[in-house]
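**Student:** Next one to model:
(2 chains)
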Amino acid sequence: EAGVVQSPRYKIIEKKQPVAFWCNPISGHNTLYWYLQNLGQGPELLIRYENEEAVDDSQLPKDRFSAERLKGVDSTLKIQPAELGDSAVYLCASSLRGGSDTQYFGPGTRLTVL
Amino acid sequence: GQNIDQPTEMTATEGAIVQINCTYQTSGFNGLFWYQQHAGEAPTFLSYNVLDGLEEKGRFSSFLSRSKGYSYLLLKELQMKDSASYLCAVARGSTLGRLYFGRGTQLTVWP
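**Tutor:** Residues are numbered from 1 along each chain as shown, chains lettered A, B, ... in the order given. Take a look at the predicted model:
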């Protein structure tokens, strides 16, 4: 069974440019998560989807970040415009349902903003 | 946020046993997860405890004491490939689906 797929794996952009990350969860998983991980830190939740509905986006900086999961399967996270402080790893995870179901993570996208 | 505390770094030698501790303070506790993360890779699930006691899974075991807000991950017969960051994460009932992660413990296993 394929795991969580993310692309690209690495992205380097200049500040003020837009950037988008894509995630395809494990087949059949209804819940999808986007996390941000800074170096030497644990992941922090940005947004959680139950099917196509964003049910927890309280930590998403909505002035520059947006996300969508239109058909309840794959998802896109966008930053526009990017700032230097956005340099981090963006992890996508999925679980069968929400609650305390085990979350399975993708390899992440490492973003560098110059 | 949640107060989740774990040591920043630990070292051990091949074949040894190491215990990684995690303490937490949270309301509405709904379980504790341990993940392993190799550098540049995805966190991978190791264990989940929601009741007090020890869960054993091969060379890895995880313990939970809810009254003390304490968990540990025990790694036996250490191998070089166990060198990684170990992340403790807490789930809360009031924010189901959100995991609160500690900073991770970087374990280095020496030959």
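
**Student:** Can you tell me which residues in chain B are near chain A?
**Tutor:** B:4, B:30-31, B:33, B:35, B:40-45, B:48, B:50, B:87, B:89, B:91, B:95-99, B:101-104 (Cβ under 8 Å from any Cβ of the partner chain). Every residue, glycine included, has its C-beta placed from N, CA and C.

**Student:** Just the buried subset of those, please.
**Tutor:** For the residues of chain B next to chain A, a burial check counting by 16 or more other Cβ atoms under 10 Å in any protein chain shown picks out B:4, B:31, B:33, B:35, B:42-43, B:48, B:87, B:89, B:91, B:95-99, B:101-104.

**Student:** if you look at those residues, which of them are in strands?
**Tutor:** Judged by DSSP state E, the subset of these located in strands is B:4, B:31, B:33, B:35, B:48, B:87, B:89, B:91, B:99, B:101.

**Student:** from those, which single one is nearest chain A?
**Tutor:** Each of those was checked against chain A using Cβ to the nearest Cβ; the closest is residue B:101, at 2.8 Å.

**Student:** so where's chain A shaky on pLDDT?
**Tutor:** Applying pLDDT under 70 to chain A flags the ranges A:1.

**Student:** what about 90?
**Tutor:** A:1-2, A:55-56, A:58, A:70-72, A:97-101 (pLDDT under 90).

**Student:** Against residue B:31, how distant is the residue lying closest to residue A:95 once chain neighbours are set aside?
**Tutor:** Once flanking residues are discounted, residue A:95 sits nearest to residue A:101: 4.0 Å by Cβ to Cβ, 6 or more residues apart in numbering or on different chains. As judged by Cβ to Cβ, to the nearest Å, residue A:101 and residue B:31 stand 10 Å apart.

**Student:** Do a quick rundown of the helices in chain B.
**Tutor:** Remark: no helices are assigned in chain B by DSSP state H.

**Student:** How about chain A?
**Tutor:** Under DSSP H, chain A gives no helices.

**Student:** Can you pull up the most central residue in chain A?
**Tutor:** Residue closest to the average C-alpha location in chain A (Cα atoms, centre = their mean): residue A:34, at 3.0 Å.

**Student:** circling back to that earlier point, the residue nearest to residue A:95 and residue B:73: what is the separation?
**Tutor:** 20 Å.

**Student:** Of these two, which one has the most company?
**Tutor:** Remark: of residue A:101 and residue B:73, residue B:73 carries more neighbours, 25 against 17, as counted by other Cβ atoms under 10 Å in any protein chain shown.

**Student:** mind listing what the more buried one touches?
**Tutor:** B:19-20, B:22, B:34, B:46-47, B:60-62, B:86, B:88 (Cβ atoms under 8 Å, 6 or more residues apart in numbering or on different chains).

**Student:** Let me see the mean pLDDT of stretch B:99-111.
**Tutor:** Stretch B:99-111 shows a mean pLDDT of 95.

**Student:** before we move on, the earlier item: please identify which of the contacts of residue B:73 is nearest to chain A.
**Tutor:** Distance to chain A across the contacts of residue B:73 (Cβ to the nearest Cβ) is lowest for residue B:88, with 8.1 Å.
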